[in-house]
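# sequence below, structure please.
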Amino acid sequence: MRLELSRSPEDVRELMRQNLRSANADDVIRDHVRVVLGAQPYKHNHFSADEFFFFDPAHGVIRNVYGQRLLRSGENFIRSMIETLVQELGGEEAGALLYECGFSWGAADMRAYSKRVQQEYETQFEKLRMGMMLESWWWPLRAAGWGVWRYDFRHGQHGLILIDLQNSVMAHAQPGAGRPVCQLYAGLFAAAFSHLAHRELAGLELNCAAQGSDRCRFLVTTEKRTQNALGWRDQGVPIEDIVTRLIASVPA
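Take a look at the predicted model:
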């Protein structure tokens, strides 16, 4: 995506104001979400870089339309970061740290999103349709290059959520790793669905593009069942059989 280098800081602020605020909105800081009825303060869809990203060349800052500061990096940066963590902590501990980073990121992002989306759609968070809510949450991440996801609730009644992810940043940075490397995403997804479920869930990558798969697949469920799935995954049990075993373990 090209950066809008020609924009001045004043241009950036004005465009953000137009996209984010209604004409009669004020700048009072509140500890709750103020719903502005009859004056839509948000533009819902942003499909081009010049609508979604704003670059301040004077300060070297990039922000998205929601005012979040971004850092653009390439695969070499991600690869170097992971290799450094592995060297300093070891492989297992580095993966655990990346998972915790993803979980913290996801929890903070969902808190901010749940407040913002109420303002955007002028309704309570709990009243939003699940599909629209999840796609609206993921859209800024997709636009920023974090990949394309598809969630699967077919086993939701058994407490299992499956997620497919294409174009994982972590997998692209470690091609041919031969093992799951997307712990950051596992934590991110676990935090997002924990927020929605109002209880802490855990995430696990069942299959990874770094292993030669066409996509990464994740499981979100309770911590105990995630640990069971981890053991079966490491034994080479196919994903479909892991799901079957987890369903069978649920008390009738």
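# C-alpha only now, for contacts and for neighbours.
Noted.
# contact partners for residue 206?
Shown in contact with residue 206 (CA atoms under 8 Å, 6 or more residues apart in numbering): 180, 216, 217, 218, 219, 230, 233, 239.
# do you know how far the last one is from residue 209?
Distance from residue 239 to residue 209, counting by CA to CA, to the nearest Å: 14 Å.
# which elements pack onto the helix or strand hosting residue 191?
If you go by DSSP states H and E, residue 191 is part of helix 183-197. Counting contacts by 3 or more CA pairs under 8 Å, 6 or more residues apart in numbering; DSSP states H and E, helix 183-197 packs against helix 91-121, strand 202-207, strand 216-221.
# again, only using 10 Å
Applying 3 or more CA pairs under 10 Å, 6 or more residues apart in numbering; DSSP states H and E, we find helix 183-197 packed against helix 91-121, helix 130-143, strand 161-166, helix 169-173, strand 202-207, strand 216-221.
# looking at the contacts of residue 206, which two lie furthest apart in space?
Maximum pairwise distance among those (CA to CA): 15.0 Å, between 216 and 230.
# give me the more crowded residue out of these two.
Neighbour count, other CA atoms under 10 Å: between residue 216 and residue 230, residue 216 has more, with 25 against 18.
# which ones are touching residue 64?
By CA atoms under 10 Å, 6 or more residues apart in numbering, the contact set of residue 64 is 16, 49, 50, 51, 52, 53, 54, 55, 70, 140, 143, 144.
# same thing but 8 Å
Residue 64 neighbours (CA under 8 Å, 6+ apart): 52, 53, 54, 70.
# poorly predicted segments of this structure, please.
Along the chain, segments meeting pLDDT under 70 span 1-47, 251-252.
# could you chop it up by domain?
The chain breaks down by automatic domain parsing into domains covering 9-70, 75-248.
# of those domains, flag the one that's most buried.
Per-stretch averages of neighbours, counted by mean count of other CA atoms under 10 Å, single out domain 75-248 among those, with a mean of 17.
# contacting residues for residue 195?
Residue 195 neighbours (CA under 8 Å, 6+ apart): 107, 110.
# if I look at it, how far off is residue 216?
22 Å.
# in TSV, list the helices and strands packed on helix 183-197 along with distance to residue 66.
Below are the helices and strands packed on helix 183-197 laid out as TSV (distance: least, CA to CA, whole Å):
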stretch	distance to residue 66
helix 91-121	9
helix 130-143	9
strand 161-166	24
helix 169-173	22
strand 202-207	27
strand 216-221	28
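# closest to residue 63 out of the ones you listed?
Taking the helices and strands packed on helix 183-197 one by one with CA to CA, helix 130-143 is closest: 11.3 Å.
# in CSV, could you pull the C-alpha coordinates for that closest one?
This file holds the C-alpha atoms of helix 130-143, laid out as CSV (Å, rounded to 0.1, in the frame of the first residue of the first chain):
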residue,chain,number,x,y,z
MET,A,130,-22.0,-11.9,15.9
GLY,A,131,-20.9,-12.1,12.3
MET,A,132,-20.9,-8.4,11.7
MET,A,133,-19.2,-7.8,15.0
LEU,A,134,-16.3,-10.2,14.3
GLU,A,135,-15.8,-9.0,10.7
SER,A,136,-15.8,-5.4,11.9
TRP,A,137,-13.2,-6.2,14.5
TRP,A,138,-11.0,-8.1,12.1
TRP,A,139,-11.2,-5.6,9.2
PRO,A,140,-8.6,-3.1,10.5
LEU,A,141,-6.2,-6.1,11.1
ARG,A,142,-6.8,-7.4,7.6
ALA,A,143,-6.2,-4.0,6.1
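# which residues touch that helix?
For helix 130-143, contacts defined as CA under 8 Å, 6+ apart pick out 110, 113, 147, 148.
# at 7 Å what do you get?
Applying CA atoms under 7 Å, 6 or more residues apart in numbering, the contact partners of helix 130-143 are 113, 148.
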